[in-house]
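A.B. asks: here is the input, now give the coordinates:
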Amino acid sequence: MSDYAKARELGEEAREKEWSRPSFAKQLFLGDFRLDLVHPVPPLPDEATKRGEEYIRALRRYLDGHVDPALIEREAQIPDDVIKGMAELGSFGITIGEDYGGLGLPYLYYCRALMLVGSYCPALATLLSAHQSIGVPQPLKQFGTEEQKREFLPRCAKGEISAFLLTEPDVGSDPARLATTAVRDGDDYVLDGVKLWTTNGVIADLLVVMARTGRKISAFVVEADSPGITVKRRNSFMGLRGIENGVTEFSQVRVPARNLIGKEGDGLKIALTTLNTGRLSLPATCAGSAKWAVKIAREWGNARVQWGRKVGEHEEVARKIAFIAATAYALEAVCDLTARMADDQRNDIRIEAALAKLYASEMAWLAADELVQIRGGRGYETAESLAARGERGVPAEQVLRDLRINRIFEGSSEIMRLLITREAVDAHLSAAGELINPEKSSKKERALALKRASGFYAKWLPSLVAGTGNLPTSFGDFGPLAQHLRFVERTSRKLARSTFYGMSRWQGGLEHKQAFLGRIVDVGAELFAMTAACVKAEEDARDLGRKPYELADTFCQQARLRVEALFARLWDNSDSQDVRLARYVMEGRYTFLEEGILDPSIEGPWIGTPDGGENVRRHVRTT
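C.D. replies: Numbering: from 1, shown residues only. Predicted coordinates for the structure are as follows:
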């Protein structure tokens, strides 16, 4: 079996294959616009809302009075007393149940907390989200035994910091290449290997470690001060300079067998399932940065005068301000809706969470880039430099740098599109998988597949011809936004038809048409965001009047233009030429392009192992 086939098989084994609950996004990709699954938005109990609002107010006071984001950026470290203060506030146990010493707040308020922290100090938001969303709390809440929960969750809630260790020097999104091993030895497992980019790893007290147990991958809770664990170095990055991210080495580390999460071989499934809700942290921080960008764009657009007019009144700048504001509203809507669905638990949100992460990370980056452009030279200048010469120290360039990693964190945008595609076309693969799979060649298998596919498509294809989006009176309760929901309904059917055409054209080769599939996913993401914005505006309008409608309407108009462009590029593009040219580049056909330059890179292997050195792990005392 090829390496590609092994990786694919491992991924399929780890997938949640059952859809026991409905999914708005899954149906959207199938051309079935189920607005009833997201509207009206599931309400929270009054008591939970009260506690959530009280916590957000306390968090705001603490941030404003005790956290200096400029200091964290300058010294590239979050002060220990800030971490201790956040722990005392309960910030490390926002989603941990009260029975285990946490605040037990809904995901909605966890996301709003991260939105607030992320707007002020993204490095601090990363510390909290890495600890809570993918660190020890989330996998134990979903897969841990009661004994494990009683042992570790109270510690996490009090402020003992956790980290998640999957990536290795030669392993990114391909877990089939995982090299760290866990070998059973009596009542223990013995871990050996190296983990790269361990966010929180430098200061963590508890680790979730993915290691190979035989052919499959398992997950363990590991005490960070165990003998044999060495943090080889603290890494430095383009942005998020305050994060404690390191390289962690395991050498004959003994871990009690009782610390195995789930069963042997469940590790990858645990990681993927954890991320279904864990990914909600990134849309929250992205929304926070986008909302901050609105404030700066508004203030600067009024303060700066050029050619006798405020710069915000010039059309080119006005378009950018409108994009930032409309996008910020949509990102908050996507974040809020997905978080409420996570709290409600009536829907399977694996696709929604992935769409939210993909869309928010891409759009927030664009919004920050436009803010830098609006600010001109001041956008490129650091906040510290601006302040030193007597101007307001606006960290626009820092926010742009900090946001860039979100397109890579917890699954790059390219990987997210593949993941979403696999889930979105699950119904097609269930019906016609063997038919389009080139490895299935027996006549009997293909005959059975043809019969099953014929039955599925005989019912499904006619449903894509017409729907409520063709009726001019549909969704009338949404007032001026009804036209956009009708567009979403019509376009979801067009999206489903396009997916079917792609399957018909390329059959088993469709999985390699990543650019085509990526555009399919991007259309779905826009439709999801449009729906979320309309739903939020309809709810917000009860208190704010027409203003939310104006934001949502402009966002939807912008999104519709992006959707039309994506559809045009489904069939009219340079994908084949691009792939051919890239192959030529890698073969060295165009090395003449590299003449006349000097490479400033520091010499070394492309993928290496950490050198020896002192253990740079440090302990932050929070209790």
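
A.B. asks: got a pLDDT number for the nearest residue to Ile134 once chain neighbours are set aside?
C.D. replies: Closest residue in space to Ile134, ignoring its immediate chain neighbours: Phe164 at 4.1 Å, by C-beta to C-beta, 6 or more residues apart in numbering. Just so you know, the C-beta spots here come from the backbone N, C-alpha and C atoms, and that holds for glycine as well. The per-residue pLDDT reported for Phe164 equals 94.

A.B. asks: ditto for Arg177
C.D. replies: 84.

A.B. asks: what's around it, how many residues?
C.D. replies: Arg177 has 15 neighbouring residues, counting by other C-beta atoms under 10 Å.

A.B. asks: give me the phi and psi for it.
C.D. replies: phi -90, psi 0 (degrees, to the nearest 10).

A.B. asks: with the one 10 residues further on instead?
C.D. replies: In this entry, Asp187 is assigned phi and psi values of phi -90, psi 10 (degrees, to the nearest 10).

A.B. asks: what about the residue lying closest to it once chain neighbours are set aside, neighbour count?
C.D. replies: Closest residue in space to Asp187, ignoring its immediate chain neighbours: Ala257 at 5.4 Å, by C-beta to C-beta, 6+ apart. Residue crowding around Ala257 was assessed by other C-beta under 10 Å; the count is 14.

A.B. asks: repeat that for the one 4 residues further on.
C.D. replies: Ile261 is surrounded by 23 other residues when neighbours are defined as other C-beta under 10 Å.

A.B. asks: any idea how far Asp192 is from it?
C.D. replies: 19 Å (C-beta to C-beta, to the nearest Å).

A.B. asks: and what of Ala339?
C.D. replies: For Ala339 relative to Asp192 (C-beta to C-beta), the value is 39 Å.

A.B. asks: who has more neighbours out of the two?
C.D. replies: Using other C-beta under 10 Å as the criterion, Ala339 and Asp192 rank with Ala339 on top: 24 against 16.

A.B. asks: what about that one, helix or strand, and which?
C.D. replies: helix 315-344 (DSSP states H and E).

A.B. asks: which element follows that helix toward the C-terminus?
C.D. replies: According to DSSP H and E, the helix or strand after helix 315-344 is helix 350-375.

A.B. asks: ok now that following helix, how far from the chain's centre?
C.D. replies: Relative to its parent chain, helix 350-375 has a centroid offset of 10 Å by C-alpha atoms, centre = their mean, to the nearest Å.

A.B. asks: repeat for stretch 358-378
C.D. replies: 18 Å.

A.B. asks: before we move on, what about stretch 68-86?
C.D. replies: That offset, for stretch 68-86, works out to 25 Å (C-alpha atoms, centre = their mean).

A.B. asks: residues in contact with stretch 413-433?
C.D. replies: Identification of contacts with stretch 413-433 by C-beta atoms under 8 Å, 6 or more residues apart in numbering yields 15, 19, 25-26, 29-30, 173, 350-351, 354-355, 357-358, 361-362, 407, 411, 449, 452-453, 455-457, 499-500, 503, 514, 517-518, 520-522, 524.

A.B. asks: wait, isn't Tyr189 in contact with Val255?
C.D. replies: Yes: the pair Tyr189 and Val255 qualifies as a contact (C-beta atoms under 8 Å) at a distance of 4.9 Å.

A.B. asks: need the residues touching each of these two.
C.D. replies: Joint contacts of Tyr189 and Val255 (C-beta under 8 Å, 6+ apart) are Ala182, Phe220.

A.B. asks: just to revisit the earlier point, avg pLDDT for the helix holding Ala339?
C.D. replies: 97.

A.B. asks: ok, now stretch 425-443?
C.D. replies: Rounded mean pLDDT across stretch 425-443 is 62.

A.B. asks: read off the pLDDT value for Tyr584.
C.D. replies: Model confidence at Tyr584 (pLDDT) stands at 98.

A.B. asks: roughly how far does the residue lying farthest from the centre of the chain sit from Thr273?
C.D. replies: Here the centre of the chain is the reference, and by C-alpha atoms, centre = their mean the most remote residue is Gly308, at 43.1 Å. Going from Gly308 to Thr273 by C-beta to C-beta gives 59 Å.

A.B. asks: Leu124 now?
C.D. replies: Applying C-beta to C-beta to Leu124 and Thr273 gives a distance of 27 Å.

A.B. asks: between the two, which one's more packed in?
C.D. replies: Each of Leu124 and Thr273 has its neighbours counted (other C-beta under 10 Å); Leu124 has more, 24 against 20.

A.B. asks: not counting its neighbours along the chain, what's nearest that one?
C.D. replies: Nearest one to Leu124, counting by C-beta to C-beta, 6+ apart, is Val117 at 5.4 Å.

A.B. asks: now swap in Glu370 and tell me
C.D. replies: Lys320 (4.4 Å).

A.B. asks: please name the residues that touch the one you found.
C.D. replies: Ala297, Glu370, Leu371, Gln373, Ile374.

A.B. asks: now these: which count as buried?
C.D. replies: Ala297, Glu370, Leu371, Ile374 (16 or more other C-beta atoms under 10 Å).

A.B. asks: hang on, the earlier thing: ChimeraX command for the buried members of the contacts of stretch 413-433?
C.D. replies: Burial among the contacts of stretch 413-433 is assessed by 16+ other C-beta under 10 Å; the matching ChimeraX selection reads:
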select :15,25,26,29,30,173,350,351,354,355,357,358,361,362,407,411,449,452,453,499,500,503,517,518,520,521,522,524
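
A.B. asks: please convert the buried ones among the contacts of Lys320 to CSV, extending it with pLDDT and distance to Val465.
C.D. replies: Formatted as CSV, the buried ones among the contacts of Lys320 follow (pLDDT from 0 to 100; distance: C-beta to C-beta, whole Å):
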residue, pLDDT, distance to Val465
Ala297, 98, 44
Glu370, 98, 40
Leu371, 98, 44
Ile374, 98, 45
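
A.B. asks: wait, which of the residues you listed is closest to Leu207?
C.D. replies: Leu371 (36.8 Å; C-beta to C-beta).
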